[in-house]
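Student: Curious how this folds, go ahead:
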Amino acid sequence: MFDIRQDMRERNKKNIGHVDFLETVYKQSDKPYVIVGLHFDQEVNRYKGKNYPIMNVHERTLSVLACRYVSEVVIGAPYAVGRDLLDHFKEPKRRGIFRTVDSGNGLTTDDIVQRIIKNRLQFEARNLKKEAKEMAVIQAMKKREEEKSQDRAQAAL
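Tutor: Residues are numbered from 1 along each chain as shown. I've put the predicted structure just below:
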């Protein structure tokens, strides 16, 4: 069976914590219908900070719609759920099919960003070392070529 988490890791798509959560929600029912609410970019920026969201609302929508565990996406879901939205759950609760689900995964977008920053610094340090070695080789090659030129010039005399 195809493992969506492995595929996402390989293609660096979506936050795996979100997918784990959606999979957990999906498996709670025999006939799951999972609705995901996405905040507008300005709202995410307001509560997460100036470098967020990493993907804009259109990219996030397409990404979430591509997830096999999602049935529908609500674009522009409010940050704070008011009474008017809570009433939408009245019928599932009455029928006994409403569930609150913990993803069981503590991985957050902030964790991913910190990992990227850490890896970037390691990558940068590694490349600086490689660059220094390459420059040393280039200098040695230039010096060797200069010595050969001098030897040829002396031999011609």
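Student: okay, CA-based contacts and neighbour counts for the rest of this
Tutor: OK.
Student: how far out from the middle of the chain is the longest helix anywhere in the chain?
Tutor: Longest helix of the chain, by residue count under DSSP state H: helix 109-156. Here helix 109-156 is found 31 Å from its chain centre; the criterion is CA atoms, centre = their mean, to the nearest Å.
Student: residues touching the residue lying closest to Thr109 once chain neighbours are set aside, list them.
Tutor: In space, and not counting its chain neighbours, Thr109 is closest to Asn15: 6.5 Å by CA to CA, 6 or more residues apart in numbering. Taking CA atoms under 8 Å, 6 or more residues apart in numbering as the criterion, Asn15 is in contact with Leu107, Thr108, Thr109, Ile112.
Student: And Ser71, by the same measure?
Tutor: Counting by CA under 8 Å, 6+ apart, Ser71 makes contact with Tyr33, Val34, Ile35, Leu65.
Student: Would you quantify the distance from it to Val81?
Tutor: 20 Å (CA to CA, to the nearest Å).
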